[in-house]
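Asks: Okay, here's the prediction I keep looking at, along with the sequence it came from:
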Amino acid sequence: MIQLQTWDTSLLSLEHGAKRLIFIGDIHGCHDELVTLLAEARYNNRTDQLVFTGNLVSKGPASPAVVDFAIQEHASCVRGNHEDRMMLAYRDLNNRLVADEDRNELTSAPPGPGGPLVNSLNDESFPHGDYIDRKFAKALTTEQASYLAACPVVLDIGHVPGIGHTLAVHAGLVPGVDLENQDPMGIMNMESVDLRTHVPSRDPKGTPWFKLWNAYQSVRPKRERSTVVYGHDAKRGLQLNQYSKGLDTGCVEGGKLTAWMLTIETGQKSSQETFSVKCKDYRGLKGKGKGWDDLPYSPFKEDEHGGKGTGKIRS
C-alpha cells in the first residue's frame, strides 16, 4: 500500500494548449457509462488528464475493462476501499496457492502483484468480498494487479491554478493531521468524524468529515489551504463545497456517473464544469452478494449531526 504519492507536475503542462483535469467518482465496473461520460465531456487524451477517485472496480459488470481503460489512458488514481479489498482477496488467493496442503502452512512468502493464481479454487466464501469480486481477483493480469497496487491512498496533486493546493482521496481526510500520519483505512472508508476525538468513522449519522474539513481550511492562512476531491459517499451524492468536492453519485445503483472538470489556461486561471450521465441499475447483477460495503468500520459512536451538500449535477 502506498500512503502518499506526489503527482508528476509535468501532467499539468500546457504544451498542447489548455489542460483539463477530469476527476471521476466511483465507477464500480460500469465501463459503458464511463465511455459515455467521456464522450459527453469530449475527452481528448492529448490535453486531458483523468484522475479516478477510487472504487473503479467491484459491484458492476465490467471491472477488468475499466482497469484496462485506466491503464491505456495513463489515468491517475487513488486506492478506494474496493481496490483495497480486491488486493487483499488477491493476496488471500495467492496465500492459498503457496500453502502446504499436508501441513496447511505457508511454504514461502506470497507472490507480489501479478503472481500466478490457482485455477481450481472453488466458490467458497472468502473473508474479502463476494463471488463476482473474487472471480476478478483470481483473473487479474500482472498489468492490472500492478496498476491497482500502485494507486496511492492519497494523491498530492499540488498547486492547481484557480483552486490552490489539491488532493485526491477516496473517502476523506481528518483536518489537522499530516497526510503521512492519517489512518489509511479511515481515508478509504470515512463518512463522518467524531467531534470530540476526531476519529473517522463510516457512520453516516455523525458529523460529515467534509464539514469539519471546510471549516478548518477557511480559518487557515490562504497559502496553506487544501481542496480535497473524493468519492465514496453515494448516500449524500454530489457535494461541491469550497474546499471539498464529492463525486460519488451512485452510478452502479442506477444513479449517475459524475466528472468534475478543471480547464487550466495560461495566466494561472482555470474554470470548473460538472458532467454526468445516467447509469443502469446493477444491484440485481447475477452472482453479486452483499459485498464489501457491509464490513464494519465504526470504532466509535458518532455525534448525531447531519448535513447535505448543495451541489447540482448537470445532465
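Replies: That came through, no problem. Just so you know, these numbers come straight off a predicted model, no measurement behind them. Numbers count the residues shown, from 1 in each chain.
Asks: Excluding chain neighbours, what is closest to the residue most central in space within the chain?
Replies: Central residue of the chain (CA atoms, centre = their mean): residue 54, 1.4 Å from the mean position. The shortest distance from residue 54 to any non-neighbouring residue, by CB to CB, 6 or more residues apart in numbering, is to residue 80 (2.6 Å). Glycine gets a C-beta too; all of them are placed from N, C-alpha and C.
Asks: List the contacts of that neighbour.
Replies: Residue 80 makes contact with 26, 53-56, 170-171, 188, 231-232, according to CB atoms under 8 Å, 6 or more residues apart in numbering.
Asks: and the residue nearest to the centre of the chain, what pLDDT?
Replies: Note on residue 54: pLDDT of 95.
Asks: Would you quantify the distance from it to residue 157?
Replies: 15 Å (CB to CB, to the nearest Å).
Asks: Point out where the stretch 51-200 of the chain drops to low pLDDT.
Replies: Applying pLDDT under 70 to the stretch 51-200 of the chain flags residues 95-132.
Asks: make it 80
Replies: Low-confidence segments of the stretch 51-200 of the chain, defined by pLDDT under 80: 92-135.
Asks: Residue 151 is in contact with residue 1, isn't it?
Replies: No - checked against CB atoms under 8 Å, the pair residue 151 and residue 1 is beyond contact range at 9.4 Å.
Asks: higher neighbour count, these two?
Replies: When residue 151 and residue 1 are compared for neighbours, residue 151 comes out ahead with 24 against 12, by other CB atoms under 10 Å.
Asks: which ones are touching the more buried one?
Replies: Here residue 151 is in contact with 2, 54, 77-79, 83 (CB under 8 Å, 6+ apart).
Asks: ok, it to residue 81 distance?
Replies: For residue 151, the distance to residue 81 - CB to CB - is 12 Å.
Asks: the helices in the stretch 51-200 of the chain, which residues?
Replies: 63-72, 81-97, 131-139, 142-150, 184-189 (DSSP state H, counting those that start in this stretch).
Asks: Mind giving me the packing neighbours of the second one?
Replies: So that's helix 81-97. helix 131-139, helix 142-150, helix 184-189 (3 or more CB pairs under 8 Å, 6 or more residues apart in numbering; DSSP states H and E).
Asks: now the angle from it to helix 63-72?
Replies: Counting by axes from the mean of the first three to the mean of the last three CA atoms, to 10 degrees, helix 81-97 lies at 110 degrees to helix 63-72.
Asks: Pretty sure residue 60 sits against residue 281.
Replies: No - between residue 60 and residue 281 there is no contact under CB under 8 Å: 10.5 Å.
Asks: the more surrounded of those two?
Replies: Counted by other CB under 10 Å, residue 60 and residue 281 do not tie: residue 60 has more neighbours, with 28 against 12.
Asks: how much space between that one and residue 275?
Replies: 19 Å.
Asks: ok so, going back, show me the one of the helices of the stretch 51-200 of the chain that comes nearest residue 41.
Replies: helix 63-72 (14.5 Å; CB to CB).
Asks: any idea how far that closest one is from the chain center?
Replies: Per CA atoms, centre = their mean, to the nearest Å, the displacement of helix 63-72 from the mean C-alpha position of its chain is 14 Å.
Asks: For that helix, buried residues please.
Replies: 63, 65-71 (16 or more other CB atoms under 10 Å).
Asks: about what we covered before: farthest pair within the contacts of residue 80?
Replies: 56 and 171 (14.5 Å).
Asks: was I right about residue 48 contacting residue 24?
Replies: No - using CB under 8 Å, residue 48 makes no contact with residue 24, being 11.3 Å away.
Asks: Tell me the buried residues within the contacts of residue 151.
Replies: 54, 77-79, 83.
Asks: and the nearest residue in space to residue 168 that is not next to it in sequence, what does it touch?
Replies: Ranked by CB to CB, 6+ apart and with sequence neighbours excluded, the top spatial neighbour of residue 168 is residue 155, at 4.2 Å. By CB under 8 Å, 6+ apart, residue 155 lies in contact with 5, 7, 51, 76-78, 167-169.
Asks: ok, now residue 248?
Replies: 25-26, 53, 55, 230-234, 237, 258.
Asks: Mind doing that once more with 6 Å?
Replies: Taking CB atoms under 6 Å, 6 or more residues apart in numbering as the criterion, residue 248 is in contact with 25-26, 231-234.
Asks: List of residues touching stretch 60-73?
Replies: 27-31, 45, 50, 56-57, 136, 144, 147, 252, 282.
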